[in-house]
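>>> got a structure for you, letters missing:
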Ligand code: GLT
Ligand code: MN
Ligand code: MN
């Protein structure tokens, strides 16, 4: 069998909104017909995916009666069971309904803030009913264009109050849910609140139950902010907060493109996969969609491509670890000194001795660490020459 054919053991997931994306953009009508969630489940299973994620409104349109909701959910559950797919993550659509035009948890209107919390609780109930263990918060409309509204500080505290409330709700229901905040710098708002992984990590520490809350970094979003996605997930891993991940691709400085994973920044994708393979055991979620030019065949080529590229890069990462020349270059780069134990343990005598120590600065200044060669070896490995 082709070693790059995905299987559920790879834990690849897609959102209903990703493979179901009809190709609408702000300037043009949809280019593809809407597809039934049960059809998407069957196709994803056929391609070797592990699971499917959803917003409340991807499955149950807002305003659906309780009886109709139960019928839709039962049909969806049957499709999941028939095709062996799970729902590891769920989230709330707090951005499409015009009621959220100036924010959901951060709306200046307290009635909207309460409605957003109510909608989220109903959506959490649905997600948990379907088996979700991670609950994502992408604050699509949490932001501003007009700072004369004066809500910058209030908005953060309203956001905090809402998350604290929802943590309490999850605990009160006995839900085994972890929350994952998904940052984005802008779009659809001019300026989004919690624009980057770093800002979300700082904010989480201010919550009442910080242990329940982590991040869901998205490749495209950090890239839009001009930041490195690999560096962002490294920071999340270091903080013990990488609860979920949204893989896709993006040209820096553009609108949110949500391109096929690996379509644009292959090297960043490679180092991302390397970090994930070493430090992350959750689902690999592709939050991307086929280009608007594509028909349904293009959608499935896109989905298969995301997973296949991930697996190829994972195999390359294993090769990187096994390549003697690369490993020798790495060992040469990371210099140690037997006289200098790391981490240094503070003691007054140690500090005095360290201040008094003489370092061979001319040789440290002139040492070439070999990064050009190491990088070239990496490029050749990615190009299939090693
Ligand atoms: C929306 C957004 C994504 C979020 C999804 C979850 S919805 O498509 O562009 O980045 O992850 O709300
Ligand atoms: Mn995106
Ligand atoms: Mn996303």
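Cool, got the structure. What you are looking at is a predicted structure, and each value in this text was computed from that prediction instead of being measured. Ligands and ions are numbered 1, 2, ... in the order given.

>>> Just give the closest residue to whichever residue of the chain sits closest to ligand 1, not the sequence neighbours.
When scored by Cβ to the nearest ligand atom, the chain has residue 138 as its residue closest to ligand 1, at 3.6 Å. Yep, even glycine has a C-beta here, placed from its N, CA and C like the rest. Leaving aside its chain neighbours, residue 138 sits nearest to residue 182 (4.0 Å; criterion: Cβ to Cβ, 6 or more residues apart in numbering).

>>> since we're on that neighbour, how many residues are nearby?
Residue 182 is flanked by 22 other residues according to other Cβ atoms under 10 Å.

>>> these two touch, right, the residue of the chain closest to ligand 1 and residue 180?
No - using Cβ atoms under 8 Å, residue 138 is not in contact with residue 180, being 9.3 Å away.

>>> so what sits against both of these two?
Common neighbours of residue 138 and residue 180, counting by Cβ atoms under 8 Å, 6 or more residues apart in numbering, are residue 216.

>>> one step back: residues in contact with the residue of the chain closest to ligand 1?
With Cβ under 8 Å, 6+ apart, residue 138 has these contacts: 91, 95, 182, 184, 216.

>>> gap between the nearest residue to residue 143 once chain neighbours are set aside and residue 227?
Spatial nearest neighbour of residue 143, chain neighbours left out: residue 189 (2.9 Å); criterion: Cβ to Cβ, 6+ apart. For residue 189, the distance to residue 227 (Cβ to Cβ, to the nearest Å) stands at 18 Å.

>>> Give me the more crowded residue out of those two.
residue 189 (22 against 19).

>>> for the stretch 1-150 of the chain, what spans make up the strands?
Along the stretch 1-150 of the chain, the segments classed as strands by DSSP state E, counting those that start in this stretch run 12-15, 51-55, 89-91, 134-138, 143-144.

>>> which bits of this structure sit near ligand 1?
17, 55, 91, 136, 138, 182, 218, 246, 256, 287 (Cβ under 6 Å from any ligand atom).

>>> Next, count neighbours for the first one.
Which is residue 17. 18.

>>> Out of the contacts of residue 138, who's the most crowded?
Busiest of the contacts of residue 138 [other Cβ under 10 Å] is residue 216, holding 29 neighbours.

>>> contacting residues around that residue?
For residue 216, counting by Cβ under 8 Å, 6+ apart, the contacting residues are 134, 136, 138, 180-182, 243-246.

>>> what are the ranges of the strands in the stretch 151-300 of the chain?
Counting by DSSP E, counting those that start in this stretch, the strands of the stretch 151-300 of the chain are 178-182, 191-192, 213-215, 246-247, 284-286.

>>> Perfect, I'm done here.
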